[in-house]
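Visitor: The following comprises the amino acid sequence and a computationally predicted model.
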2 protein chains.
Amino acid sequence: MLIVHVHVRVKPEHIEAFKLATIENAANSVKEPGIARFDVVQQADDPSRFVLLEAYREAEAPTRHKATAHYQAWAEKVADMLAEPRSRVVYANIYPADQGW
Amino acid sequence: MLIVHVHVRVKPEHIEAFKLATIENAANSVKEPGIARFDVVQQADDPSRFVLLEAYREAEAPTRHKATAHYQAWAEKVADMLAEPRSRVVYANIYPADQGW
């Protein structure tokens, strides 16, 4: 299991459009066999900040995800909505066991 | 659903002990009715950094969690293992729907 947190800051006028585009991408992403979870959360004290929590079942899954039509459509759609480049932190799973994701 | 990310940096010599104590706390925490998930991840490029991802079913659940014996034992056990005070960011759930957590 490979866990990726993508941190995003969105221009205030694009928050709702970003949410819609990202929900659509997440709903398609969880259908990929290599993806165990694809959660999206919005910071309570700063609604312009989001985290995408992506749990991949194996090392090649992120590359396969980036080749999908839904990922590419999302990346293109949100490019102008971002207030700064998105950042990415990679984690190893500690708890629960991989099948719990 | 109320999602809390707790960011922790651990002294290098306490990484393994921190992991064990935190797995024990997580395994007990997911038995609380107010807690939907309690995930623990370790940063790939800096193993001294962890995130605890806590998904609470309602607003009072974090207070109830902090009153449990397992939380209090964990907080006491790890206090001297931390390299800096832990930080906490609160999020609203966007995806999936609350029952998907």
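Guide: Looks like it came in fine.
Visitor: and the closest residue to A:His70 other than its chain neighbours, how many residues sit next to it?
Guide: In this structure, A:His70 finds its nearest non-sequential neighbour in A:Asn28, 3.8 Å apart by Cβ to Cβ, 6 or more residues apart in numbering or on different chains. The C-beta positions use only the backbone N, C-alpha and C, and glycine is treated the same way. A:Asn28: 18 surrounding residues under other Cβ atoms under 10 Å in any protein chain shown.
Visitor: if I've got this straight, A:Asn28 is in a helix?
Guide: Yes: counting by DSSP: H, G, I helix; E, B strand; the rest coil, A:Asn28 is found in a helix.
Visitor: Please, where are all the helices along chain A?
Guide: A:15-29, A:61-66, A:69-78 (DSSP state H).
Visitor: I'd like those laid out as TSV, including distance to B:Pro12 and mean pLDDT.
Guide: What follows is the helices of chain A, written out as TSV (distance: least, Cβ to Cβ, whole Å; pLDDT from 0 to 100):
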stretch	distance to B:Pro12	mean pLDDT
helix A:15-29	35	98
helix A:61-66	28	96
helix A:69-78	36	98
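Visitor: Quick check: which of the ones you listed has the most neighbours on average?
Guide: helix A:15-29 (a mean of 17; mean count of other Cβ atoms under 10 Å in any protein chain shown).
Visitor: Need the contact partners of it.
Guide: A:8, A:10, A:35, A:38-40, A:42, A:47-48, A:50, A:52, A:54, A:65, A:68, A:70-71, A:73-74, A:77-78, A:81, B:94-96 (Cβ atoms under 8 Å, 6 or more residues apart in numbering or on different chains).
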